[in-house]
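1. The sequence and its predicted three-dimensional model are supplied below.
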Amino acid sequence: MKRFQARTACALITLACATPALADDNIAIENDAAATASVAIAEAPPIVVEPTLMHPSAALMNDHMHDGGEFMVGLRWMRENYGGANQSGTKKLTDADVLAAGYTVRASDMTMDMVMLDLMYAPNDDITLMVMPMWMRHEMTMLGIDPMAGMDHDMDDMDGMDGMDMGGGHGGHSMGYGDTMTHSVEGISDTLVSASYRLARTGTFNAHATLGVWVPTGSVSKRNADGSFVHYGMQPGSGTWDIEPAVTVSGQNGSFGWGAQGSYKWRAEDANTSGFAFGDVAKASGWASYALTPSVGAVARLGWEHEGAIEGHYNDAHNHSSPSDIQGNYGGDTIHLGLGANALLPFGGAKRPQLSAEAAFPLYQDLNGIQLPEDWRLSVSLSQAF
């Protein structure tokens, strides 16, 4: 019996000594597992959201800056489409309304295409320079709205005048009621030269100011086949030196982004060589963005634009038969809703090319005089940084 008790005591002592050792082994195993998991987590590549995915780069200019030494080349295409009944202020007009205002012809639809080459260079982290030459094309279809125009046209043909005052004054084509005529103008437009200066840069907030100068490289002397000037809005250029300051702020928190930009284009000259000047332009935009994946981002933008009426007057033969021929029928206020996306293309290494697109639709239009309202606009850009 004593031998059994002695053996039992020895076994209990051995078990008591072994328990801490087993506990230490379990702790060591758990520590090793935790360390292994930590290493695995540390080695997992982080999900990085590129800031460029969060910007509406297809629709806005000077919306972002570059790091020092970086160079970017981009190609941008924009189309604006106008159509439907003419509008005065916020009111839709009938053809009878336009005729009663003194016009025998009105625009029924118009498209404006712009192709821009973006060239950007950052000599350091705080300054980004840009040069943007532009090409522009307008195509407009006119509609005769005067029921009496057919008889007038016959009388003009008998006189050999074809309804056009060629004496350098005010005239216009005589179009039959319901007749249409499509004409187009294209050419080099004005060139934007700008410098952006960084005001703030943190992990979640950026701000910069931009000073842009529009160089009048575009023509303002395009004419119709009969020698008269085309409609004011169809000239490819402005013919004036224009100054455009802008301020842009943006922020990012993980996959979410936001931003705002305000700008004002001031016509620095009272008139161009053809005798007129387009109105000043004020713009403000705000946007929200979300990175759907590390390579694709979605953007929603709300934009407001105000443009003044044309000042001055053509100094050579031009028409007065349609609203597009009168200076007061330009400008107004428009609010757009833009929906877009940015995508980094799956090639190009660390700096992949970016494809961006935005479709915008007017929510509100308050137009000066009588004008053809805008239906929609589309912007597409492809850019590559080096």
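-> Now that the structure is in, tell me what you want to look at.
2. is it true that G83 touches S108?
-> Yes: between G83 and S108 there is a contact at 7.0 Å, judged by C-beta atoms under 8 Å. Where C-beta positions appear, they are placed from N, C-alpha and C, glycine not excepted.
3. ok, the two, which is more surrounded?
-> Each of G83 and S108 has its neighbours counted (other C-beta atoms under 10 Å); S108 has more, 20 against 15.
4. Let me know the helix or strand that the more buried one is in.
-> Per DSSP states H and E, S108 falls inside strand 105-124.
5. and that strand, what does it pack onto?
-> Other helices and strands packing on strand 105-124, by 3 or more C-beta pairs under 8 Å, 6 or more residues apart in numbering; DSSP states H and E, are strand 71-83, strand 127-132, strand 134-144.
6. For K92, which of these is the nearest?
-> Across these, K92 has its closest neighbour in strand 71-83 (12.3 Å, C-beta to C-beta).
7. State the three-state secondary structure for the residue positioned nearest the centre of the chain.
-> Residue closest to the mean C-alpha point of the chain, counted by C-alpha atoms, centre = their mean, is A59 at 1.7 Å. Look at A59: counting by DSSP: H, G, I helix; E, B strand; the rest coil, its state is coil.
8. list the contacts for it?
-> Contacts for A59 (C-beta atoms under 8 Å, 6 or more residues apart in numbering) come out as S285, R301, G303, G338, G340, E358, A360, S379.
9. same thing with D67?
-> D67 neighbours (C-beta under 8 Å, 6+ apart): A122, D125.
10. Where does it sit: helix, strand or coil?
-> coil.
11. Quick check: A288 touching V299?
-> Yes: using C-beta under 8 Å, A288 makes contact with V299 at a distance of 7.4 Å.
12. Could you report the neighbour count for P216?
-> For P216, the tally of surrounding residues (other C-beta under 10 Å) stands at 19.
13. Revised request: answer the last question for P123.
-> By other C-beta under 10 Å, 12 other residues sit near P123.
14. Now do it, the pLDDT please.
-> Looking at P123, its pLDDT stands at 98.
15. any idea how far it lies from S274?
-> Counting by C-beta to C-beta, to the nearest Å, the gap between P123 and S274 amounts to 38 Å.
16. Kindly report the same for S295.
-> On the measure of C-beta to C-beta, S295 and S274 end up 48 Å apart.
17. Repeat that for G369.
-> 20 Å.
18. Pick out whichever of the two has more residues nearby.
-> For G369 versus S274, neighbours defined as other C-beta under 10 Å are more numerous around S274 (21 against 18).
19. Now Q327: phi and psi?
-> With angles defined as degrees, to the nearest 10, Q327 sits at phi -60, psi -30.
20. which ones are touching it?
-> Counted by C-beta under 8 Å, 6+ apart, Q327 has contacts Y232, F276, A309, I310, E311, G312, H313.
21. okay if I get the residues you listed as JSON lines plus distance to Q261?
-> Formatted as JSON lines, the contacts of Q327 follow (distance: C-beta to C-beta, whole Å):
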{"residue": "Y232", "distance to Q261": "28"}
{"residue": "F276", "distance to Q261": "29"}
{"residue": "A309", "distance to Q261": "25"}
{"residue": "I310", "distance to Q261": "26"}
{"residue": "E311", "distance to Q261": "26"}
{"residue": "G312", "distance to Q261": "30"}
{"residue": "H313", "distance to Q261": "34"}
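22. which of these are buried?
-> By neighbour count, with 16 or more other C-beta atoms under 10 Å, the contacts of Q327 hold Y232, F276, I310 as buried.
23. Give the burial count for the closest residue to W214 other than its chain neighbours, as a bare number.
-> What sits nearest to W214 in space, not counting adjacent residues and going by C-beta to C-beta, 6 or more residues apart in numbering, is D242, at 3.8 Å. D242 has 22 neighbours, counted by other C-beta under 10 Å.
24. Which residues does D242 form beta bridges with?
-> Residues in a beta bridge with D242, per DSSP bridges, are W214, R267.
25. surely it meets T217?
-> No: applying C-beta under 8 Å as the test, D242 and T217 come out as separate, 11.8 Å apart.
26. so what's in contact with the two at the same time?
-> Residues touching both D242 and T217 (C-beta under 8 Å, 6+ apart) are D190.
27. what about T334, which helix or strand?
-> For T334, the element it lies in under DSSP H and E is strand 332-344.
28. And the closest residue to W241 other than its chain neighbours, how close does it get to S379?
-> The shortest distance from W241 to any non-neighbouring residue, by C-beta to C-beta, 6+ apart, is to A268 (4.7 Å). Going from A268 to S379 by C-beta to C-beta gives 27 Å.
29. Those two - which one has more neighbours?
-> S379 (23 against 13).
30. Low-confidence regions, this structure specifically.
-> Scanning the chain for pLDDT under 70 picks out 1-50, 150-174.
31. quick one: the helices in it?
-> For the chain, the helices defined by DSSP state H occupy 2-43, 95-100, 149-159.
32. What are the contacting residues of the shortest one?
-> The list of residues contacting helix 95-100 from outside it, by C-beta under 8 Å, 6+ apart, reads N86, S88, R106, L143, I145, D146, P323, I370.
33. Pull the number of nearby residues for the fourth one.
-> By the measure other C-beta under 10 Å, the count of residues near L143 is 19.
34. picking up where we left off before, among the contacts of helix 95-100, which ones are buried?
-> Neighbour counting by 16+ other C-beta under 10 Å classes N86, S88, R106, L143, I145, D146, P323, I370 among the contacts of helix 95-100 as buried.
35. Identify, from these, the entry nearest to M136.
-> Using C-beta to C-beta, P323 comes nearest to M136 of those, at 21.0 Å.
36. Noted, bye for now.
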